[in-house]
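S.K.: One predicted model, sequence on top.
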Amino acid sequence: MDPGACDAGVSRERNSHPSIRTGREREVALARLASDIETWAHELGFAAIGIADTDLSDYAPDVRRWLSRKLHGSMGYMGRNLDKRLHPERLHEGTVRVISARMDYLTDAAPAIPAPRSETAYVSRYALGRDYHKTVRRRLVRLARRIDRHAGGRYRAFTDSAPVLEKPLAEKAGLGWIGKNTLLLSEEAGSLFFLGEIYTSLPLPVTRGTARDRCGACRACLKVCPTDALVGPRQLDARRCISYLTIESKGTIPPQLREAVGNRIFGCDDCQVVCPWNRYARKSAEADFAPRHGLDAARIADLLAWDEATFLARTEGMALRRIDYRQWVRNLAVAAGNAAPGPDLVTRLRDRRADADAMVREHIDWALARLQAR
């Protein structure tokens with residue numbers, strides 16, 4: 001079985017919840033089951049859950065408009081299987097409800113706006129520990145299996161691993177609202193959390209009216225974006241976003257955007273740092289999310305010293321593996337070009353240039369030229 005999915009098959013009488021029959025009794029039993037699911041989710045480390053139906057028609061026009069404007073850049077997968085994104089029941093047959101779950105990831109390494117000319121590399125706080133896909137998905141599978149044992153049904157668990165509109169589903173499930181920075185925001189937790197979903201055939205009661213848009217007139221996230229990727233409230237031009245440039249993009253980072261990238265070598269947290277709601281972000285007790293290998297304060301020059309074998313060894317089991325070694329060196333080269341000059345930085349860049357391909361060499365040469373000019 002795929003570890004990212006849990007398909008319990010058709011509902012089986014031997015597993016059916018003894019109280020679930022018909023009419024009012026069925027409604028009461030499903031409400032009790034929904035309450036039990038919330039309790040089980042908390043026991044597994046989830047901070048909150050909500051339940052949504054599968055109607056995403058209110059979100060479809062914005063999704064289609066975003067794709068038609070090519071704002072997704074080279075992320076072609078965003079346009080594939082669009083019908084399954086917009087219709088969860090087509091992604092997993094029999095789905096009538098989506099259980100949306102939140103798991104907080106903030107550790108002591110709270111995000112901050114990186115300082116200019118920093119010699120320290122910046123990794124987005126969500127990626128400093130164990131790959132969240134593994135942690136969240138396994139807990140969701142355990143939750144789905146427990147539901148199966150008590151009530152039968154069909155299930156499948158997802159964590160950013162399939163054509164799923166996570167934020168719209170979480171918004172419908174009452175976990176928060178989609179903010180002007182396009183992230184899901186919560187009054188009690190800000191935006192420093194992961195989302196995951198369980199698609200289920202059980203007609204559980206949906207969560208009603210527990211979240212509303214609280215962004216108001218605030219435009220802090222739109223103003224702070226280093227590359228002006230937020231082209232309007234809830235409108236992201238991924239092609240300019242530092243997370244896209246340093247993670248999703250496999251090729252050249254446009255020269256006109258490199259200075260704005262600063263020392264960010266994997267993702268960006270700026271729009272979260274300035275969001276007033278993140279003053280309520282909750283600290284996570286999840287050991288999996290604690291920073292590894294000192295990457296919350298690592299020097300650019302020291303990371304440039306990693307050869308490919310070292311990179312693979314030290315990023316094993318981490319979300320950093322979403323990029324390959326070429327992207328790693330490319331990103332570090334841009335960070336080095338934006339850092340204060342230092343002899344070890346120049347030496348490390350030259351060392352990496354020796355075995356780099358043409359794309360990476362171009363970034364290294366850009367960095368060396370900037371360092372030497374200073």
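M.R.: Right, received. Where do you want to start?
S.K.: Pretty sure V231 sits in a strand.
M.R.: Yes: under DSSP: H, G, I helix; E, B strand; the rest coil, V231 sits within a strand.
S.K.: How about it: what's its closest non-neighbour residue?
M.R.: Ranked by Cβ to Cβ, 6 or more residues apart in numbering and with sequence neighbours excluded, the top spatial neighbour of V231 is D237, at 5.0 Å. Bear in mind the C-beta positions are built from the backbone N, C-alpha and C, glycine included.
S.K.: Touching, the one you found and A229? I think so.
M.R.: Yes: counting by Cβ atoms under 8 Å, A229 is a contact partner of D237 at 5.3 Å.
S.K.: okay, now the residue nearest to V231: neighbour count?
M.R.: By other Cβ atoms under 10 Å, 20 other residues sit near D237.
S.K.: Now do the same contact list for it.
M.R.: By Cβ atoms under 8 Å, 6 or more residues apart in numbering, the contact list for D237 reads L71, A229, L230, V231.
S.K.: could you flag which of these are buried?
M.R.: With burial judged by 16 or more other Cβ atoms under 10 Å, the buried subset of those is L71, A229, L230.
S.K.: Tell me who's in contact with the last one.
M.R.: Contacts for L230 were tallied using Cβ under 8 Å, 6+ apart; they are K180, N181, T182, C221, L222, L236, D237, C271.
S.K.: Checking the first one next. Helix, strand or coil?
M.R.: Classification of K180 into helix, strand or coil gives coil, according to three-state DSSP.
S.K.: quick one: contacts for it?
M.R.: K180 neighbours (Cβ under 8 Å, 6+ apart): C215, C218, R219, C221, L222, L230, P233, R234.
S.K.: between these, which has the most around it?
M.R.: So for the contacts of K180 (other Cβ under 10 Å), the most neighbours sit at C221, 24 neighbours.
S.K.: That residue: which element?
M.R.: helix 220-224 (DSSP states H and E).
S.K.: where in the stretch 151-300 of the chain is pLDDT low?
M.R.: In the predicted model of the stretch 151-300 of the chain, residues 209-211 satisfy pLDDT under 70.
S.K.: for the residue nearest to L183 when sequence neighbours are not counted, what are its contacts?
M.R.: Counting by Cβ to Cβ, 6+ apart, the nearest residue to L183 once its immediate chain neighbours are dropped is S191, at 4.4 Å. S191 sits next to G176, G179, N181, L183, L184, L185, Q272, C275, W277, N278, A281 when contact means Cβ under 8 Å, 6+ apart.
S.K.: Tell me the one among the residues you listed nearest to V346.
M.R.: Of all those, V346 sits closest to Q272, with 33.3 Å by Cβ to Cβ.
S.K.: That closest one reaches L185, doesn't it?
M.R.: No: applying Cβ under 8 Å as the test, Q272 and L185 come out as separate, 9.5 Å apart.
S.K.: Please say which of those two ends up with more neighbours.
M.R.: Under the criterion of other Cβ under 10 Å, the comparison of Q272 against L185 puts L185 first, with 27 against 23.
S.K.: ok, for that one, nearest residue in space, not its chain neighbours?
M.R.: Nearest one to L185, counting by Cβ to Cβ, 6+ apart, is G179 at 4.1 Å.
S.K.: Report the contact partners of that neighbour.
M.R.: L185, S191, C215, C221, R234, C275, W277.
S.K.: Over to W40?
M.R.: W40 sits next to L143, R146, I147 when contact means Cβ under 8 Å, 6+ apart.
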